[in-house]
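Q: sequence-free structure coming up:
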Ligand code: GLC
């Protein structure tokens, strides 16, 4: 047996790091598993945060994975302990949160979603993989796929927003970018789709809070991106902290076994979130850590991140018969399979000189700049204030104009602010810049600096105000009950408006803030979701007109945080807003109880949001016309061919993100008023007209219906082709 396996390993080496065949891997997994003691199996299920301090435990075979070590020297040292000192020489899985770049930081994932460009997002993930694996990291805890409909939740920054279709496109792009085609390639970075599931539906937008989601809503809204990424080959998955309908995900066997393994056939590895197994105790779902361990492992968790429950209690739980050794063997198979797939047994160490060579490579920075440029959303441009072509001297003010650390956004652990190009840095190459920050940081209420900014404005042709959020104000556990600009930022904008100069506001934040009032105080507004290392260069290109904005909002902009959760793909309700609503100040004194009309709206903030999902302007104008469907009636196996003419009717070459929406008018359950079913980036020269098309298989109209079946229900539908979710005319068709 030994000779055979050595020959096999030799054969694999002979073909270099070519991807080992799955059947060979399974054989090697089972061979190795057959040699392992229960203690060694349990060791593989144990993940710790750290390196050198665990070297003895690693050498003893008690640890299967580490996180948060990115020094290749330390990685090699602890890997050596695993490979050359432990009895079976099983290599460690080295992991890290590489969420939107490693050294070269891309826009936060919400910003990447705003590009509606899966290609650049995949490229960004590939670059992150090249930089991270050069440090010895072979597993990232990304992409985060949590659908988010409430900007009060700080982690909206880390996902792709409110729409399942966009979430699928972005998640699959990142999985492919991270992992590449050959998992044994040393630059392949195992993806981890997270947080399974429903974490973004935390009640009140308050992190870790309970989520009440029906099975049908899970299947129609929260599952799609996870399922698509599993089908795209995601190698791992992370369970979420939250409970859904009283079942914490980390102990939910319906989720982790019936759905993930049973329905979707996932053969990857499942890891908990940080201590989320231990937190089953605080949930009141487990008596103690030992009970939590039994619940997690029996639900389908393979690896324990930082509860230490697995390494402490599994042996006793197996001896007591509360966990079968078969269950342990399955978990360890999933872990070993991943390690074999990544080629770690053949190639456990990293070249310690590589990291410095690949970090910030010019092509990495260029891609990060492209992504940042395409992520910025133009919200307003009165009198074509932008681009600033005639201005020679500009005042640059605001706390985000020169914030190299905060511009990187949340979860940018390994980004280095000294490499950040800030807007102030970049604009100095294009204008004579007067710089008066006005405020020290985004939460600053000290307005003493505003006077100097006002005085400086008098010497400028135009004012550019950079406001928004410090990085720490979004991300995990950073939720807000109000979404207005923090500190005295709105006062600074108003003061700039009072100068009478053209005022451009650039918001750099980790979420969609409520900026309607601020928008009324300026001529133009650009919205940038923490754009990363090259954000300043991207924003300068947009302000000068070297680039034209194409970003579209991946989440709805609210008028007031009190409207949350508000999302475009909502049900109609039985009393939809119909524009006849009476608002607070129009209510007659002693109004009769039924005089206000009975539709779904707020007396104080009306019904609709400030700006809709998919919204974003350009320096040019686009005209949609001649939208046609190839038929009026479709069979279930047909493809709907939608043609449309798009004209660039302005004076700038530009790209439009054309969006295709569908509505199912009547269903066995109520259906969303609109659902994104396609989008494409169409580049047109000024004055150019193009005939374009979408091809939408009728099967894409399927959903989980009243009988919990995934079907296309015959009936009447409407379809829109437009530049955002609130525009365009409805075109009817029928499915027979
Ligand atoms: C955190 C996050 C998770 C992250 C993990 C490791 O608490 O919830 O997204 O990957 O711990 O840092």
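A: Good, I have the coordinates. These numbers come from a predicted model, not from an experiment.

Q: quick one: low-confidence ranges for this structure?
A: 1-20, 595-597 (pLDDT under 70).

Q: in it, which residue sits closest to the ligand?
A: Closest residue of the chain to the ligand, CB to the nearest ligand atom: residue 141 (3.3 Å). Heads up, the C-betas are built off the backbone N, CA and C, glycines and all.

Q: mind listing what that residue touches?
A: 67, 95, 96, 97, 98, 99, 192, 194, 238 (CB atoms under 8 Å, 6 or more residues apart in numbering).

Q: can you narrow those residues to ones near the ligand?
A: 97, 194 (CB under 6 Å from any ligand atom).

Q: could you redo the contacts of residue 141 as CSV and give each row secondary structure and neighbour count?
A: As requested, those are exported to CSV (DSSP: H, G, I helix; E, B strand; the rest coil; neighbours: other CB atoms under 10 Å):
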residue, secondary structure, neighbour count
67, strand, 22
95, strand, 26
96, strand, 23
97, coil, 21
98, coil, 29
99, coil, 25
192, strand, 28
194, strand, 25
238, strand, 26
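
Q: name the nearest of the contacts of residue 141 relative to residue 342.
A: The closest of the contacts of residue 141 to residue 342 turns out to be residue 95 (CB to CB; 11.3 Å).

Q: where exactly do the strands run in the stretch 201-350 of the chain?
A: Along the stretch 201-350 of the chain, counting by DSSP state E, counting those that start in this stretch, strands occupy 236-239, 243-244, 247-248, 269-271, 304-305.

Q: tell me how many other residues crowd residue 181.
A: Number of residues near residue 181 (other CB atoms under 10 Å) recorded here: 9.

Q: state the helix or strand in which it lies.
A: Assessed by DSSP states H and E, residue 181 sits outside every helix and strand.

Q: and it, how far from residue 188?
A: 9 Å (CB to CB, to the nearest Å).

Q: just the helices from the stretch 201-350 of the chain, written as ranges.
A: 215-217, 224-231, 253, 279-283, 289-299, 309-319, 325-341 (DSSP state H, counting those that start in this stretch).

Q: name the helices or strands packed onto the last one?
A: Which is helix 325-341. helix 22-35, helix 38-44, strand 93-96, strand 269-271, helix 289-299, helix 309-319 (3 or more CB pairs under 8 Å, 6 or more residues apart in numbering; DSSP states H and E).

Q: would you tell me what the next helix or strand after the second one is?
A: It refers to helix 38-44. Following helix 38-44 in sequence, per DSSP H and E, is strand 46-49.

Q: before we move on, the earlier item: against residue 174, how distant is the residue of the chain closest to the ligand?
A: Shown here: residue 141 relative to residue 174, a distance of 12 Å by CB to CB.

Q: which residue of this protein lies farthest from its centroid?
A: residue 590 (48.8 Å; CA atoms, centre = their mean).

Q: doesn't it fall inside a helix?
A: No. Residue 590 is assigned coil when assessed by DSSP: H, G, I helix; E, B strand; the rest coil, not a helix.

Q: and the gap between it and residue 599?
A: Between residue 590 and residue 599 the distance is 22 Å, computed by CB to CB.

Q: returning to that earlier point: so which of the strands of the stretch 201-350 of the chain is the most surrounded?
A: When you average the neighbours per residue for each of those (mean count of other CB atoms under 10 Å), strand 304-305 leads with a mean of 28.

Q: that one pairs with which strands, parallel or anti?
A: Strand 304-305 pairs in its sheet with strand 46-49 (parallel), by DSSP bridges.

Q: got the contact list for the partner strand?
A: Residues from elsewhere that reach strand 46-49, judged by CB under 8 Å, 6+ apart: 54, 57, 62-68, 93, 95, 271, 303-306, 308, 310-311.

Q: go again using 7 Å as the cut-off
A: 54, 62-68, 271, 303-306, 310-311 (CB atoms under 7 Å, 6 or more residues apart in numbering).

Q: what's the answer for stretch 710-719, then?
A: 636, 642, 661-668, 698-699, 701-702, 704-705, 730-736.

Q: cool, and stretch 214-221?
A: So stretch 214-221 is contacted by 147, 164, 197, 198, 669, 703, 704, 708 (CB under 7 Å, 6+ apart).

Q: who in the stretch 351-500 of the chain is up against the ligand?
A: Near the ligand, when you scan the stretch 351-500 of the chain using CB under 6 Å from any ligand atom, you find residue 476.

Q: and the strands in the stretch 351-500 of the chain?
A: 377-381, 393-397, 432-435, 462-468.

Q: can you put the ones you listed in a markdown table and add mean neighbour count and distance to residue 486?
A: Below are those laid out as a markdown table (neighbours: other CB atoms under 10 Å; distance: least, CB to CB, whole Å):
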| stretch | mean neighbour count | distance to residue 486 |
| --- | --- | --- |
| strand 377-381 | 21 | 19 |
| strand 393-397 | 25 | 16 |
| strand 432-435 | 17 | 21 |
| strand 462-468 | 29 | 9 |
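
Q: can you tell which of those is closest to residue 23?
A: Nearest of these (CB to CB): strand 377-381, 48.4 Å.

Q: so how far is residue 298 from residue 318?
A: Counting by CB to CB - residue 318 and residue 298 are separated by 11 Å.

Q: go on, residue 401?
A: 54 Å.

Q: so these two - more neighbours on which side?
A: The neighbour comparison of residue 401 against residue 298 (other CB under 10 Å) goes to residue 401, with 27 against 17.

Q: isn't the more buried one right up against residue 466?
A: Yes. Assessed by CB atoms under 7 Å, residue 401 is found in contact with residue 466 at 3.8 Å.

Q: shared neighbours, the two?
A: residue 423.

Q: one step back: now the helices of the stretch 201-350 of the chain as JSON lines including distance to residue 563?
A: Below are the helices of the stretch 201-350 of the chain laid out as JSON lines (distance: least, CB to CB, whole Å):
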{"stretch": "helix 215-217", "distance to residue 563": "20"}
{"stretch": "helix 224-231", "distance to residue 563": "25"}
{"stretch": "helix 253", "distance to residue 563": "37"}
{"stretch": "helix 279-283", "distance to residue 563": "30"}
{"stretch": "helix 289-299", "distance to residue 563": "36"}
{"stretch": "helix 309-319", "distance to residue 563": "41"}
{"stretch": "helix 325-341", "distance to residue 563": "43"}
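
Q: among these, which is the most enclosed?
A: helix 289-299 (a mean of 24).

Q: between that helix and helix 325-341, how big is the angle?
A: Angle of helix 289-299 versus helix 325-341, following axes from the mean of the first three to the mean of the last three CA atoms, to 10 degrees, is 70 degrees.

Q: mind giving me the packing neighbours of helix 289-299?
A: Secondary structure elements in contact with helix 289-299, counted by 3 or more CB pairs under 7 Å, 6 or more residues apart in numbering; DSSP states H and E, are helix 279-283, helix 309-319, helix 325-341.

Q: roughly how far apart are the residue of the chain closest to the ligand and residue 180?
A: Noted for residue 141: a distance of 18 Å to residue 180, by CB to CB.

Q: and for residue 21?
A: 17 Å.

Q: and for residue 95?
A: Taken as CB to CB, the span from residue 95 to residue 180 is 17 Å.

Q: same thing with residue 173?
A: Look at residue 173 and residue 180: by CB to CB, they are 13 Å apart.

Q: near the ligand, which residues of the stretch 101-250 of the chain show up?
A: So far as CB under 6 Å from any ligand atom goes, the stretch 101-250 of the chain lies against the ligand at 141, 194.

Q: repeat the analysis, applying 5 Å as the threshold.
A: Counting by CB under 5 Å from any ligand atom, the residues of the stretch 101-250 of the chain close to the ligand are residue 141.
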